[in-house]
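> Let me see the structure of the following:
(4 chains)
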Number of protein chains: 2
Amino acid sequence: MTVPDRRPYRREAEETRRDALIAAALDLVSEGGIEAATVREIAARAGVTPGLIRHYFQTKEDLLRAAYARIMERLTVDAARVLDSTPPDPVARLRAFVAASVRHPVLDPVAVSVWASFLHLARRDDALRAAHEAGYLGYRDLLQSLIADLPRKSAPERLRADAIACNALIDGLWIEGGLLPEGFAPGELERIGLTAIGAILGVDLAPVTEKETT
Amino acid sequence: MTVPDRRPYRREAEETRRDALIAAALDLVSEGGIEAATVREIAARAGVTPGLIRHYFQTKEDLLRAAYARIMERLTVDAARVLDSTPPDPVARLRAFVAASVRHPVLDPVAVSVWASFLHLARRDDALRAAHEAGYLGYRDLLQSLIADLPRKSAPERLRADAIACNALIDGLWIEGGLLPEGFAPGELERIGLTAIGAILGVDLAPVTEKETT
DNA sequence: TCTGCAATTATACAGTCGTATAATTGAAGG
DNA sequence: CCTTCAATTATACGACTGTATAATTGCAGA
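The predicted model follows:
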């Protein structure tokens, strides 16, 4: 006669549940690192019970793989999206790309945090490393192609060095901006990035917001 | 009559044991991330039994704190050491400092790995965050002072921006070089770093090893 | 309205974690 | 040589981990 009060639940579409689980995992990783993303905690945050995770992901690592792939994809997509709505002028395109890379939503403390947390997993796990390298090289190659389109006279063997330097600069600003969100004034990172990359490449990338003459 | 075959051991000086435990912890963190640095594994690698850890460190986090402080200190010390044996010429000093920062032993896959692993702990743990910020700002301040000493005419309000940009560039090269040790030719990162920072600051930092004229 | 299946919950299990504490033993000092 | 104390080992404990599997139940289709 004792009523077994089981937790009531609603059936959801597969994609909905997977999304919720991935979002919960990324949330936890960003807050407390990989160690905080336990099966039980992920399930609790997604509003389900732990057993359900294994119904949608064969193993916990599978879930983490999916989560990492998602956030890396989101980063590159967000950065490249600005190119869709930018005129074909090469300088303007590079300027827009650089600025977008050190600005919300690409520059995001959560993204930086998650990226750092996954660095180690990516060294052992083949699938994770593939996602990592694809994101990394994809970004650098895109940047290099933007640099190659610039109207400037420069030795072709300098292209690789320029791309590495600009990529390193953007990476550094991205990481520092994500780790110390209050350490920089609004728009400061964009200004610094554009000025520095302009100097490296020998072109004028300074934003046109302020009128100033040398 | 049964002989309890206890593991034989040697008594060591306190500093020796602490060093061994810290080194073992850093070793494990660099290989498998924070999660791999368990009490039992650290003890095994240091050649002792797990219980001994709590004899030298009140808690496991204490050990990790000590380990992080040690590796961060080693990084800044290694980078700043080159200034001891460098002539007072400001350009030469900056050149030596930049080059040393993206070269062994400062640029080290293990150091990069450990740095990334500790990023999350540093967000919660006050002591760790203090060590982190001290290392970070200490490095940037030192870099900024080197830049300020340069013989060049530049607005003083540009100094902060220059320091942030150069620091970001060095950080980016350091991280990429540590994550992809085989992705760059020997000396390539030094060359790229010096050329790019020279361009940002408007001074000639190119290494004198190769004779070339524009 | 009822049946059937899959989505979901519930429970169990073997490891491993960090920590606490008792038992041993190396080695220095007298 | 013997005593003594701390360095070290050994053992235990409760909590938490990921995973496996059985028991329920929401809900679409007949």
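
> Can you tell me what sits against stretch A:91-110?
A:26, A:30, A:75, A:78-83, A:86-87, A:142-143, A:146-147, A:149-151, A:166, A:170, A:173-174, A:177-179, A:181, A:189-190, A:193-194, A:197, A:203-205, A:207 (C-beta atoms under 8 Å, 6 or more residues apart in numbering or on different chains). C-beta coordinates here come from the backbone N, C-alpha and C atoms, glycine included.

> can you rerun that using 6 Å?
Stretch A:91-110 has contacts (C-beta atoms under 6 Å, 6 or more residues apart in numbering or on different chains) with A:30, A:75, A:78-79, A:82, A:86, A:146, A:170, A:173-174, A:177-178, A:181, A:189-190, A:193-194, A:197, A:205.

> how near is the residue sitting nearest the centre point of chain A to A:Asp108?
Nearest to the geometric centre of chain A sits A:Leu75, at 3.2 Å (C-alpha atoms, centre = their mean). Note on A:Leu75: its distance to A:Asp108, by C-beta to C-beta, to the nearest Å, is 9 Å.

> A:Ile197 too?
From A:Ile197 to A:Asp108 the distance is 21 Å (C-beta to C-beta).

> swap in A:Ala80?
For A:Ala80, the distance to A:Asp108 equals 16 Å [C-beta to C-beta].

> For these two, indicate the residue with more neighbours.
Each of A:Ala80 and A:Asp108 has its neighbours counted (other C-beta atoms under 10 Å in any protein chain shown); A:Asp108 has more, 21 against 16.

> rewinding a little: which among the contacts of stretch A:91-110 end up buried?
A:30, A:75, A:78-79, A:82, A:146, A:170, A:173-174, A:177-178, A:189-190, A:193-194, A:197, A:205 (16 or more other C-beta atoms under 10 Å in any protein chain shown).

> Check those residues one by one and keep those near chain B.
Among the buried ones among the contacts of stretch A:91-110, the residues lying close to chain B (C-beta under 6 Å from any C-beta of the partner chain) are A:Leu173.

> Surely A:Ala122 and A:Leu128 touch.
Yes: between A:Ala122 and A:Leu128 there is a contact under C-beta atoms under 6 Å: 4.4 Å.

> Residues of chain A that sit close to chain B?
Residues of chain A lying close to chain B by C-beta under 6 Å from any C-beta are A:33, A:35, A:116-117, A:119-120, A:161, A:164-165, A:168-169, A:171-173, A:176, A:192, A:196, A:199-200.

> Return a PyMOL selection command for the buried portion of these.
The PyMOL command for the buried members of the residues of chain A next to chain B (criterion: 16+ other C-beta under 10 Å) is given here:
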select buried, chain A and resi 33+116+117+119+120+161+164+165+168+169+171+172+173+176+192+196+199+200
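
> Give me the subset of the residues of chain A next to chain B lying in helices.
A:116-117, A:119-120, A:161, A:164-165, A:168-169, A:171-173, A:176, A:192, A:196, A:199-200 (DSSP state H).

> and the helix or strand harbouring A:Leu159, how far out from the chain's middle?
If you go by DSSP states H and E, A:Leu159 is part of helix A:158-179. With C-alpha atoms, centre = their mean, to the nearest Å as the basis, helix A:158-179 stands 14 Å off its chain's centre.
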